[in-house]
Structures are given as structure tokens and as C-alpha cells.
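Student: how would this look folded up:
(chains A and B)
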Amino acid sequence: MLKSWKLKEVVLMSLFAVVFGIVYLLFVHAANIWAAVIGPLAYEWMFGIWFIVSIICMYIIRKPGAAFLSETMAAAIEVLIGNAMGPRLILSGVIQGLGAEAAFALTGYKHFNILVLMLAGIGSAVFSFVYGYFVSGYAALDPSFVALMFTIRVLSGAIIAGIGGKYIGDALLATGSLRGYAIARAKKGDVNA
Amino acid sequence: MRNLLHSMNPSVKFVLVTVSMLTIAFFFNPWTPLLFWLGIILLQLTMSRINWKLWLLFMLLFSIGAFGYLWTTVVFGADTGGTVILSFAGIDVTDEQWARALSLAFRVMAFSTLSLLFAFTTDPVKFIMSLMQQLKLSPKLAYGVMVGYQFLPVMKDEFIQIQQAQRLRGAETEKRSWQRLLAMRRVLIPMLAGAVRKAERSAFAMEARGFTGEPRSAYYRPVRIGRTDWLMSGVFLAILLASCIGGSWMS
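Tutor: A predicted model of the protein is given here:
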């Protein structure tokens, strides 16, 4: 899978992972404080933020694996920074990345419009929820409460990660620094280059 | 003795921590996570040298989260039956529900302690090197992550620089916290654009020095699995097994 990847694309993902790793950490701390007040529901509405790097990287690089690898890298970087969540974070990064990757794989890595990006956000939300259901023991909660958590997380994934990811990707494209990546070539209409 | 956790192979530690977490997740009685939690604290007390003040600070934060879990599970818990042991404000708390709530809260504590154990006793660079050498992570990815890690202090400086530059040109600083959160995009986009350029430059530099990203058989700094790792794996699994059996037996 990595054979077709240029080194600069891998390093790009890594540097994005650093930037978003820091953003993620800020939000983890914010969410932890919230969580004491309103319980696990606090994490749900901001969950989309934690999916965003996979969507931005896939939107820019457009190669199979971009979503999965970038999310995993972001988690790894968070651990390297000295995050107290440790290995648990890498595992959830892998799961979230796989969720987004699944959505792109479903569309054959051909379309990167807003709907597909939102679908990727939803994919991450669903995957991470199934994982959370198991690891955090949501089975002990009332089904209607679990349904509420699920709905909020899916919405957050679609809106914050999907729409937000596209917004950031487009803003970045406008700066002109993305020449040489798939996103700029696609804009020119030369998809095969 | 007090170096054991530090000198373990990071990949082995990583696998052990992950396996323990996934195993504990199957238990809904309060005793298993409690026993496991105590076991991990004991392990860390006897086999590591860490900054306990910092540890306590982190644990305090996690306890707050655990408390959130406790009360949500009590209030929004699934109907499990059992006898009512407490009722207030129209909510009946059964003994089953209370046990599950305690279990989830202890689970948060156990996982947090386990995570801290890993974070406090593992050298990040050694961890990536070990992932590459023991778990066959592609060198392209491993060194890619290392590049990002090395750029961390540079990114921090750049963040401050961009903020100062914007302030010089009269960009307003928002007073409300949610406005400040939204204004982050003003800093985020230049940061990311800078990241793209740095990525291109460092990838070019790596390739110019002959980095191909091919898997290799010899390393400058080999990370190995030794006797300590087998010993510690035994200790870890013993704690895990003891808390699983002990917990099921006590409840």
C-alpha cells in the first residue's frame, strides 16, 4: 500500500498530525472537564473534531490509506507528546481512521465532494461508537440514552469533521501551498496526473 | 527492580497494556476493575521511578471523569432489575445498577492508571523505533512520525509568531472563550500552510540523503526483547488473571 506513496505525502500527514494532535489534546482536556458535569455526553458533540485530520488528509492526498494512516499518526503523535491517555488513544485513532477510510473505500476513492466527506465523518462516528460501546461499557446505560449519544456523535462527525474538514482543506488550497498534491491537480481537471 | 518498567521493550508493554484493557472491558462487576487498578498501582509503586506529584495531578483529572461516569450510569443506567437501595428525586437506584456504575467508574480509573504507567515509563523515540523493529511498522511511516515529532518545538514557536504577527496588524483578540475557539482558524490555516512547506522541504532533504523507506535488516540503535520482557509479561498477565478470577468470585 505504501509503495505508491511519496515521502513528502507521508511527512505531510505527520506534520498535520502534529498540528491536529495539539488541537485534539486541547479538546481532550476541555472535554474531560465537561465530562465531570454532564457525563459521557460531553464528549459526544465534540467528537467530530477528533475525526477531522483523516478527512483533511484524504481530501488533499487522495490515496487509499490517507484517512486511516493520518488518524493513526495523529494518535501516535499525541502519545509521543506525552499524553496521559497513552496506548488507548492509538487504538481509538486506528478505529476512527478505519471508519473514515471505509467511507472513502465505498465510493472507490473517486469522489471527494462534501457528501462523501460527511459520510466519512459519519463512518468515523459509527466505528468509534461501536468501539466505545465495548470499551466504555455503554451496554450498562439506558438504550434511549445510548441512542441519544449515538445521534449526537453522528451529527458531530458529519458537521464538524465533514463540513469543517472540507472548509479547512479549501482554505488551505486557496493559500497556494498545496501545489503538487492531488487536490490541486483535481481542481485543474487533470485527474490522472 | 525500580527500573523494570522503564527498561521494558516498548512494543511488548504496548501489547500488554492493550490486551489488558480489552480483557477488562468484558467485566461489569465492580471488583475486577478495582482489583486490577490496585494491582497496576502496586506494580508502578514497586517497579518504576516516576514523578508522583505529576501522577497525582493527572489522576485527579481522571477521577473527575470517573465521577461523571458514575453518576450518569446511576441516572441513565439500563434497567437491570434488583432491589432498590436508594431513591431520590424520583430516581430509584437498584443494587445492580449501583454495582455497574461503580464498575464503570473503576474501569475509567484502571484504564487511566494503565495509560499513565505507559506514558510515564516509555521513551517516545524508543517506542517508535521498537514499533518499527518488533512490530514491522514501515520505516517510511516510522521516520515520517519522527520528523513530525522533531518539528514540535518549531511548531510551537511558529504558533506564537503567527499570533504576534496578527496582533501587530491589529487583529482583535476575542474575549469570549467560544469566540476564541472559532478564531483559531485564523492561526490554523497559516500553521497548516507552513506545515505543508516544511513537509516538502524535509522529505526532499531525506531523499537527497539517500532515504528510500525500504525495510531494512540492520539498525543503528537496535531495540530488543529480553528476559525482563518475559518476566514483566508474566507479572502483567498474573495481575490480569488474578483480578478477572478474583473479581468474578467476589461478586
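Student: which other residues reach the lowest-mean-pLDDT helix or strand in chain A?
Tutor: Every helix and strand of chain A was ranked by mean pLDDT, DSSP states H and E. The lowest is helix A:41-45, at a mean of 78. Under the contact criterion C-beta atoms under 8 Å, 6 or more residues apart in numbering or on different chains, helix A:41-45 has outside partners A:31, A:34, A:35, A:148, A:149, A:152, A:153, A:155, A:156, B:68, B:72. (Glycine included, C-beta is placed from N, CA and C.)
Student: helix, strand, or coil at the residue nearest the centre of chain A?
Tutor: Nearest to the geometric centre of chain A sits residue A:51, at 2.2 Å (C-alpha atoms, centre = their mean). Following DSSP: H, G, I helix; E, B strand; the rest coil, we place residue A:51 in the helix state.
Student: returning to what we had before: show me which pair in the contacts of helix A:41-45 is furthest apart.
Tutor: The span of these, defined through C-beta to C-beta, is set by A:155 and B:68 at 21.3 Å.
Student: what stretches of the chain score poorly on pLDDT?
Tutor: Because you didn't say which chain, this covers chain A. A:1, A:36, A:39-40, A:82-86, A:188-193 (pLDDT under 70).
Student: please refer instead to chain B.
Tutor: Residues of chain B that meet the cut-off, pLDDT under 70, sit at B:78-92, B:173-178, B:180-182.
Student: and the strands in it, which stretches?
Tutor: With strands called from DSSP state E, chain B shows them at B:84-88, B:91-94.
Student: the most centrally placed residue in chain B and residue B:58, how far apart?
Tutor: For chain B, the residue sitting closest to the mean C-alpha position, by C-alpha atoms, centre = their mean, is residue B:115 at 4.6 Å. As judged by C-beta to C-beta, to the nearest Å, residue B:115 and residue B:58 stand 9 Å apart.
Student: residue A:113 now?
Tutor: Residue A:113 is 42 Å from residue B:58, by C-beta to C-beta.
Student: which one's more surrounded, those two?
Tutor: residue B:58 (17 against 11; other C-beta atoms under 10 Å in any protein chain shown).
Student: hmm, residue A:38 is touching residue B:69, no?
Tutor: No. With contact defined as C-beta atoms under 8 Å, residue A:38 does not count as touching residue B:69 (11.4 Å).
Student: what about the two, which has more around it?
Tutor: residue B:69 (26 against 13).
Student: pull out the buried positions in stretch A:105-117.
Tutor: Under the neighbour-count criterion of 16 or more other C-beta atoms under 10 Å in any protein chain shown, stretch A:105-117 has A:105, A:109, A:112, A:116, A:117 buried.
Student: what helices or strands is the helix or strand hosting the fourth one leaning on?
Tutor: Think residue A:116. Under the criterion of DSSP states H and E, residue A:116 resides in helix A:114-135. Secondary-structure packing of helix A:114-135 (3 or more C-beta pairs under 8 Å, 6 or more residues apart in numbering or on different chains; DSSP states H and E): helix A:52-61, helix A:87-106, helix A:143-156, helix A:164-174.
Student: which of those helices sits closest to residue B:95?
Tutor: When the helices and strands packed on helix A:114-135 are compared (using C-beta to C-beta), the closest one is helix A:143-156, at 20.3 Å.
Student: who's in contact with that closest one?
Tutor: A:40-41, A:44-48, A:121-122, A:125-126, A:128-129, A:133, A:138, A:141, B:72, B:76, B:78.
Student: recalculate using a threshold of 7 Å.
Tutor: A:40-41, A:44-48, A:122, A:125-126, A:129, A:138, B:76, B:78 (C-beta atoms under 7 Å, 6 or more residues apart in numbering or on different chains).
Student: ok, stretch B:163-170 next?
Tutor: B:186, B:187.
Student: check stretch A:107-116 too.
Tutor: So stretch A:107-116 is contacted by A:59, A:62, A:64, A:103, A:104, A:162, A:163, A:166 (C-beta under 7 Å, 6+ apart).
Student: show me the two of the residues you listed that sit farthest apart.
Tutor: Farthest pair in the contacts of stretch A:107-116, by C-beta to C-beta: A:64 and A:163, 23.3 Å.
Student: how about residue A:61: what's its closest non-neighbour residue?
Tutor: Distance criterion C-beta to C-beta, 6 or more residues apart in numbering or on different chains; nearest residue to residue A:61, sequence neighbours excluded, is residue A:9 at 5.2 Å.
Student: wait, isn't the one you found in contact with residue A:62?
Tutor: No. Using C-beta atoms under 7 Å as the test, residue A:9 is too far from residue A:62 to be in contact (9.9 Å).
Student: give me the more crowded residue out of those two.
Tutor: residue A:9 (26 against 19).
Student: where does that one sit, in terms of helix or strand?
Tutor: helix A:7-38.
Student: could you figure out how far that helix is turned away from helix A:52-61?
Tutor: 150 degrees (axes from the mean of the first three to the mean of the last three C-alpha atoms, to 10 degrees).
Student: next, the angle from helix A:7-38 to helix A:87-106.
Tutor: Using the same axes, to 10 degrees, helix A:7-38 lies at 120 degrees relative to helix A:87-106.
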